[in-house]
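Engineer: One predicted model, sequence on top.
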Amino acid sequence: MAADQVEVRPGDMVILHTGFANKILEWDKHPDASRIQAMYPYLDGEDPEVLEWITDSQMSALISDNYAVEGWPAPSSEPHTLIPVHNLCLFKLGIPLGELWYTQELATWLRANGRSSFLLTGCLSHSRILLAKPVWRMTMSPGLTSTWSAAMISHRVFIGTALSRQLAAEPDTDLVLSDLSEDALTQLDADLAGGAAGVATVPADVSDFGQVENVVKRAVDLFGRLDVLISNAGVLSPNGRIHNLAAEDWERAFRINVLGPVNGIRAAVPVMRAQRSGSIILTASVAGLTAWTHSSPYCVTKAGVIHLAKVAAVEYARDGIRVNCVCPGTFLSAMHTDLPAEAVEAIAAKHPLGLGSADDLVGAYSYLASDASRWTTGSAIVVDGGYAAP
């Protein structure tokens, strides 16, 4: 394809002409089985560059004039996917496959005219003998993996404790937990001791990419993979109107609330792309959907997190990675320690169901981490006691 300067554009249906179907026709219903195997050209699904090309090209369908698109792999005693191209296209990227399309005359004409693209108006088949298999989609009932690995990165937020307990209670779940406070991690590790899950803790500052990357590396080193990353960092800024806030107040909010999730995505994506699967969950806020007076840095940065999840969802969908965020309403946490009582009461009055607790939020995270949300990406799930409803 490179030698012929073939360009595959996003959305293209890619048709591979190998001459296989034409040769079958020449045998006029009397094929030589040994020669079929010897002449059978195919994609090598065990070549990671082939799989990366399929993913990065953003093609809409992959079609060939042979009978499987890819070849059957050599026997191996190691567990592996027998047909990696089928697994990637049908089950992870949702790309339809087509086989035994008759392309001889079309390929000859395109080459003679120095072209590689055309407008397809019907299935390329041959009425005498070959019936091309149309492009098709396959659906599969969801299964459960034997064990999955999750990493959660927090920044002194109580929801991290509740969420850690919830995830640790999930069957076949291994956890790597991170927080800025080593004391908080020590306490959390003690609280989760004796649980079914494998748990490790790593202190990290979310604004430092190297430290966040180290959390992900620890999960992979311990458990062999990373299925879920939860970026749960967040800080409030001083109470004040925009003109009364210092640049340092804005910089701290962006460093923790926005750069923190960005660093989480940057660290997790290389691992999840290699797996062709993963779920990234960011913690935003209902403040990112509404306007809170005297809280502009928090509102602005949490709105940024919501849009970050949408952009990342679009960028990495074809890698099998889902990115969503949860928008909690107000519940008492470490961030509200310095707020006066009358401020807390005013906030509570705006929630029809009253102020919630961290335990009221964890179900949304469990859903986004599980296979039940396999068709959910780019979403902002609001769990706010009705705050945004009026």
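Structural biologist: Noted; the coordinates are in hand.

Engineer: Show the average pLDDT along the helix or strand containing residue 55.
Structural biologist: Residue 55 belongs to helix 48-57 when assigned by DSSP states H and E. Throughout helix 48-57, pLDDT has a mean value of 89.

Engineer: Alpha carbons of that helix, in PDB - could you do that?
Structural biologist: Extracted in PDB, the C-alpha atoms of helix 48-57 (Å, rounded to 0.1, in the frame of the first residue of the first chain):
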ATOM      1  CA  PRO A  48       1.200  -5.400  16.300                       C
ATOM      2  CA  GLU A  49       1.800  -2.800  13.600                       C
ATOM      3  CA  VAL A  50      -1.100  -4.300  11.600                       C
ATOM      4  CA  LEU A  51      -3.400  -3.900  14.600                       C
ATOM      5  CA  GLU A  52      -2.200  -0.400  15.200                       C
ATOM      6  CA  TRP A  53      -2.700   0.500  11.500                       C
ATOM      7  CA  ILE A  54      -6.300  -0.700  11.700                       C
ATOM      8  CA  THR A  55      -6.900   1.400  14.800                       C
ATOM      9  CA  ASP A  56      -5.200   4.600  13.800                       C
ATOM     10  CA  SER A  57      -6.600   4.600  10.200                       C
END
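
Engineer: For the stretch 201-350 of the chain, give me the ranges with low pLDDT.
Structural biologist: Along the stretch 201-350 of the chain, segments meeting pLDDT under 70 span 333-337.

Engineer: can you give me the strands in it?
Structural biologist: 228-232, 278-283, 321-328 (DSSP state E, counting those that start in this stretch).

Engineer: Switch these over to CSV; also include mean neighbour count and distance to residue 216.
Structural biologist: Every C-beta, even on glycine, is put in place using the N, C-alpha and C of the backbone. Output for the strands of the stretch 201-350 of the chain, formatted as CSV (neighbours: other CB atoms under 10 Å; distance: least, CB to CB, whole Å):
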stretch, mean neighbour count, distance to residue 216
strand 228-232, 27, 7
strand 278-283, 27, 11
strand 321-328, 27, 13
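
Engineer: Can you give me every residue that contacts the closest residue to residue 21 other than its chain neighbours?
Structural biologist: Of all residues not flanking residue 21 in the chain, residue 65 sits nearest, at 4.0 Å (CB to CB, 6 or more residues apart in numbering). With contact set as CB atoms under 8 Å, 6 or more residues apart in numbering, residue 65 has these partners: 15-22, 100-104.
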